[in-house]
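*Asks:* fold the following for me, if possible:
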Amino acid sequence: TTSSHNPIWDVVGAAPVAEWEQESGQLLINKEKAWTALNLCVLFNNEFYMRLLNGDKDTFRFAWKASRTPYHMIKTWPSAVGSRRGMTAQGTDVICAHTMLQHDPRGRPLFVHHNQMKDLTLPVGENFKYIQDQTRMPCRAVPKAAFEYSNKAIPCFELEGPGLSFFDDKL
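*Replies:* Modelled structure (predicted):
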């Protein structure tokens with residue numbers, strides 16, 4: 001969340017709220033209703049504001065606030081999705097999570113965001129075989145050792161927190 005002491009709250013004229021950052025890989029926007037906010041996003045996307053924000057994803061959230069444009073954030077947290085990269089000595093799968101599974105307003109899977117795999121394709125059926133669902137919060141994404149495939153390194157992460165585990169699933 002954005003610190004309540006961050007000057008961005010004063011800049012946008014909003015009281016600090018403890019809420020998570022908005023994932024901005026995919027957004028559904030009514031441009032007619034949000035035109036002012038979208039223009040503020042462009043304004044916020046510069047060196048000065050980036051010192052106050054947690055990346056370009058925050059340009060949207062704070063533009064909504066500054067322009068008093070209503071917005072909705074999906075309540076279901078993204079799930080970690082990945083591929084099997086090996087096995088431990090105990091016979092447990094070692095998973096490389098490289099993708100986020102994002103959900104619709106009802107909590108159903110909607111799309112995947114290849115945020116760690118920008119220029120590499122794995123064999124069909126291996127990209128999204130394992131899901132780590134984080135319905136128990138809090139959890140955090142922790143970088144893990146890279147997955148080597150076709151002489152390229154795929155950055156990996158894992159969600160850490162109570163009750164988390166990967167399970168094999170077909171999306």
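*Asks:* my read is Val81 is in a strand, agree?
*Replies:* Yes - secondary structure of Val81 (DSSP: H, G, I helix; E, B strand; the rest coil): part of a strand.
*Asks:* bridging residues for it?
*Replies:* Under DSSP bridges, the beta-bridge partners of Val81 are Thr99, Ile131.
*Asks:* neighbours around it, how many?
*Replies:* For Val81, the neighbour count with other CB atoms under 10 Å is 25. All C-beta spots, glycine's among them, are computed from the backbone N, C-alpha and C.
*Asks:* hang on, isn't it packed against Met100?
*Replies:* Yes - using CB atoms under 8 Å, Val81 makes contact with Met100 at a distance of 7.0 Å.
*Asks:* now for those two: what residues contact both?
*Replies:* Taking CB atoms under 8 Å, 6 or more residues apart in numbering as the criterion, Val81 and Met100 both touch Val112.
*Asks:* residues contacting stretch 61-70, please?
*Replies:* Stretch 61-70 is contacted by residues 8, 11-14, 21-22, 33-34, 36-38, 40-41, 44, 53, 71 when judged by CB under 8 Å, 6+ apart.
*Asks:* residue nearest the centroid of the protein?
*Replies:* For the chain, Glu23 is the residue whose C-alpha lies nearest the centre (CA atoms, centre = their mean; 5.0 Å).
*Asks:* OK, contacts around that residue?
*Replies:* 57, 78, 100, 102, 113.
*Asks:* what helix or strand does it sit in?
*Replies:* Under DSSP states H and E, no helix or strand contains Glu23.
*Asks:* what pLDDT does it get?
*Replies:* pLDDT, Glu23: 74.
*Asks:* how close does it get to Asn115?
*Replies:* The gap separating Glu23 from Asn115 is 9 Å, by CB to CB, to the nearest Å.
*Asks:* Arg51 too?
*Replies:* Per CB to CB, Arg51 is found 23 Å from Asn115.
*Asks:* and for Pro7?
*Replies:* 28 Å.
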